[in-house]
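S.K.: Sequence and computational prediction follow.
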Amino acid sequence: MPITKFPPKLLNKLTALRRKLHRYPELAYQEHKTAKIVSETLTALGLKVHSGIAETGVVGVLEFDDKGPSIGFRADMDALPIVEETNVEYASKHAGVMHACGHDGHTAMLLGAADLLSKRKDLTGRIVFIFQPAEENEGGAKRMLEDGLIDRFPIEKIYALHNMPSIPVGTVMVKAGYVSASFDTFDIVIEGQGGHGAMPETTYDPIPAVSALILSLNTIVSRNIKPTDSAVLTVGTVQGGQAFNIIPDTVAISGSCRSHSKKAQKILKQRIFEVCEGIGIAYDVKIKCSYEERYPPVFNDEIATQALWSVLSKPNNGIELIKDFTPLMGSEDFAFMSEKVPGSYFIIGNGDECGPLHSPTYNFSDSALPIGLICWVNLANILLERR
C-alpha cells in the first residue's frame with residue numbers, strides 16, 4: 001500500500017521550514033544560509049553530508065546497505081531577483097530577492113523525505129539527496145556535474161520535481177520523452193558606419209539592417225522547423241542610436257531560443273548564423289553573432305518514468321496522475337543530470353491561488369508539501385524495496 005499519511009508534527013515542521021526558507025531567499029551561488037540549513041538538517045538525520053559542491057551545493061547520502069541500487073533525488077535552492085508583493089507574514093527579508101519559483105517548497109519537501117526515509121530499516125541500496133544551487137539561468141546542475149557529482153556519488157537513476165500553478169494540488173504530471181524545452185541565447189551586433197540623418201548615402205546604416213534581421217529571424221520557426229515540432233525564437237532586446245537625426249554606427253540585439261528536440265535546437269542555431277550572414281551582405285554591414293547553448297531539453301527515460309507511473313497510479317494514494325500532456329516550453333537545467341544518468345522530471349500541482357511562477361505575487365502552497373512527500377517516499381519504496 002502507498003504511504004499517504006504523515007505525522008502532523010512533521011508537516012507542521014516542514015511548513016515552518018519552508019516559510020523560513022522563503023523569508024531568507026538567496027540568489028544563484030549565494031545560497032549560503034540555505035545550504036547551512038540543509039546541511040545541519042541532513043546531519044541531524046544521520047546522513048553523510050558533503051557541502052561546497054558547485055560552491056553552495058549540498059549532497060546527503062543515506063545508506064541502507066551495499067546490496068541494492070543507488071538513486072538520486074534532486075531539489076533546487078536558489079531564488080530570483082524580484083521584489084516580493086505577497087504581503088504574507090513570512091515575506092522576504094532580503095530586498096529585491098524572493099522565492100518566486102517554489103524552490104523553498106522543493107527543498108523543504110526533499111528534506112522531509114530524507115527525515116522519513118532515514119528512519120526506515122526495510123530498504124536496500126542508498127539514496128543520494130542532491131540540493132542544487134543556481135537552477136535559475138545559471139546552470140548549477142552542470143556545475144555540480146563538473147565538480148564530480150556523479151563520479152563521487154554514483155547513481156543509477158535520478159529524479160526531480162517542480163511545482164506548477166493553475167494545476168490542482170494533488171495532481172502529478174509525468175511522461176516519457178521530452179518534457180521541457182532547450183534554452184539557448186544569442187547576442188548580435190550590426191556594425192555599420194554612422195553619420196548625419198540628412199545624408200544617409202554617406203553611411204552604412206545598421207537600422208534598416210537590424211529591422212530586416214529581426215523580421216527574418218522570426219521566420220526561422222515558421223519556415224525551417226517542422227510544424228509538428230515546438231520551437232520559439234524571441235528577440236528580447238534592441239539597443240542602438242542616441243538622437244533622432246543621427247545614424248548610429250552600431251545596433252545590438254539579443255534573444256533566446258527554445259525547442260523540444262536536439263534537431264530543432266541545431267536548426268535554430270544554424271539558421272541564425274546563416275540569416276546574419278545574408279542580411280550583412282544584403283545591407284552592406286558587418287554582423288557579428290555569438291550563440292550560447294545554455295540548457296538542453298529535459299528527456300525522461302522510459303524505464304525511470306515507469307517507476308513513477310507505478311507509484312502514482314496505485315489506488316487510494318490521493319494522487320491524480322496525468323501521463324499525456326504537451327511538453328513545457330520552459331527550461332530546466334536538470335536536463336544536464338538526466339543526460340548523464342537515466343532520469344525523470346515530474347510536475348506537481350500548486351493550485352490556483354499561488355500566483356504565476358516568477359511573479360512578485362507567487363507563493364508556494366504549503367498544501368502541496370505532503371504531495372511531494374508521497375512522491376519521494378513511495379518512489380524510494382518501489383525502487384529500493386528488498387526482494
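M.R.: Everything's here; your move.
S.K.: And the helices in the stretch 251-387 of the chain?
M.R.: Remark: helices assigned in the stretch 251-387 of the chain by DSSP state H, counting those that start in this stretch are 262-283, 302-312, 334-340, 369-384.
S.K.: give the contact list for the residue positioned nearest the centre of the chain.
M.R.: Centroid check for the chain by CA atoms, centre = their mean gives residue 332 as the closest residue, at 2.8 Å. By CB atoms under 8 Å, 6 or more residues apart in numbering, the contact set of residue 332 is 135, 160, 162, 180, 295, 298, 345. The way it works is simple: take the backbone N, C-alpha and C, and place the C-beta from them, glycine included.
S.K.: Could you pull up the residues touching the fourth one?
M.R.: Neighbour list for residue 180: 260, 297-298, 327-332, 335, 345 [criterion: CB under 8 Å, 6+ apart].
S.K.: confidence score at it?
M.R.: Listed pLDDT for residue 180 reads 95.
S.K.: a strand runs through residue 26, doesn't it?
M.R.: No. Remark: residue 26 does not belong to a strand; assigned using DSSP: H, G, I helix; E, B strand; the rest coil, it is coil.
S.K.: For residue 222, what is the enclosing helix or strand?
M.R.: helix 220-224 (DSSP states H and E).
S.K.: looking only at pLDDT, what's the mean for that helix?
M.R.: 97.
S.K.: buried sites along it?
M.R.: 220-221, 224 (16 or more other CB atoms under 10 Å).
S.K.: who touches stretch 191-211?
M.R.: Under CB under 8 Å, 6+ apart, the answer for stretch 191-211 is 190, 238, 240-241, 244-251, 253, 279-280, 282-288.
S.K.: Between its first and last residues, how far does it reach?
M.R.: 14 Å (CA to CA, to the nearest Å).
S.K.: where does it sit relative to the chain's centre, distance-wise?
M.R.: In terms of CA atoms, centre = their mean, to the nearest Å, the centre of stretch 191-211 is found 41 Å from the chain centre.
S.K.: Can you say which of the contacts of residue 180 are buried?
M.R.: By 16+ other CB under 10 Å, the contacts of residue 180 give 260, 297-298, 327-328, 331-332, 335, 345 as buried.
S.K.: hmm, back to that, and the contacts of residue 332 as TSV, adding distance to residue 100?
M.R.: Output for those, formatted as TSV (distance: CB to CB, whole Å):
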residue	distance to residue 100
135	13
160	19
162	13
180	18
295	19
298	21
345	20
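S.K.: Throw the helices of the stretch 251-387 of the chain into TSV and include distance to residue 155 and mean pLDDT, thanks.
M.R.: As requested, the helices of the stretch 251-387 of the chain are exported to TSV (distance: least, CB to CB, whole Å; pLDDT from 0 to 100):
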stretch	distance to residue 155	mean pLDDT
helix 262-283	23	96
helix 302-312	11	95
helix 334-340	9	97
helix 369-384	11	96
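S.K.: Switch those over to CSV; also include distance to residue 131.
M.R.: As requested, these are exported to CSV (distance: least, CB to CB, whole Å):
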stretch, distance to residue 131
helix 262-283, 29
helix 302-312, 20
helix 334-340, 13
helix 369-384, 13
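S.K.: burial of the residue nearest to residue 145 when sequence neighbours are not counted, as a residue count?
M.R.: Leaving out its chain neighbours, the residue that sits closest to residue 145 by CB to CB, 6 or more residues apart in numbering is residue 336, at 5.9 Å. Residues within reach of residue 336, counting by other CB atoms under 10 Å, total 20.
S.K.: Make sure residue 336 is actually in contact with residue 294.
M.R.: No. Judged on CB atoms under 8 Å, residue 336 makes no contact with residue 294 at a distance of 10.3 Å.
S.K.: Could you tell me which residues touch both of these two?
M.R.: In contact with both residue 336 and residue 294: residue 139, using CB under 8 Å, 6+ apart.
S.K.: what does the domain assignment say about the chain?
M.R.: The record's domain parsing of the chain by automatic domain parsing lists 8-177+298-384, 183-295.
S.K.: still on that earlier bit, sort out which of the contacts of stretch 191-211 are buried, if you could.
M.R.: For the contacts of stretch 191-211, buried by 16+ other CB under 10 Å: 190, 240-241, 247-251, 253, 279-280, 283, 285, 287.
S.K.: any chance of the residues you listed in JSON lines, with distance to residue 151 too?
M.R.: As requested, those are arranged in JSON lines below (distance: CB to CB, whole Å):
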{"residue": "190", "distance to residue 151": "44"}
{"residue": "240", "distance to residue 151": "47"}
{"residue": "241", "distance to residue 151": "51"}
{"residue": "247", "distance to residue 151": "55"}
{"residue": "248", "distance to residue 151": "50"}
{"residue": "249", "distance to residue 151": "49"}
{"residue": "250", "distance to residue 151": "45"}
{"residue": "251", "distance to residue 151": "46"}
{"residue": "253", "distance to residue 151": "40"}
{"residue": "279", "distance to residue 151": "45"}
{"residue": "280", "distance to residue 151": "44"}
{"residue": "283", "distance to residue 151": "50"}
{"residue": "285", "distance to residue 151": "48"}
{"residue": "287", "distance to residue 151": "42"}
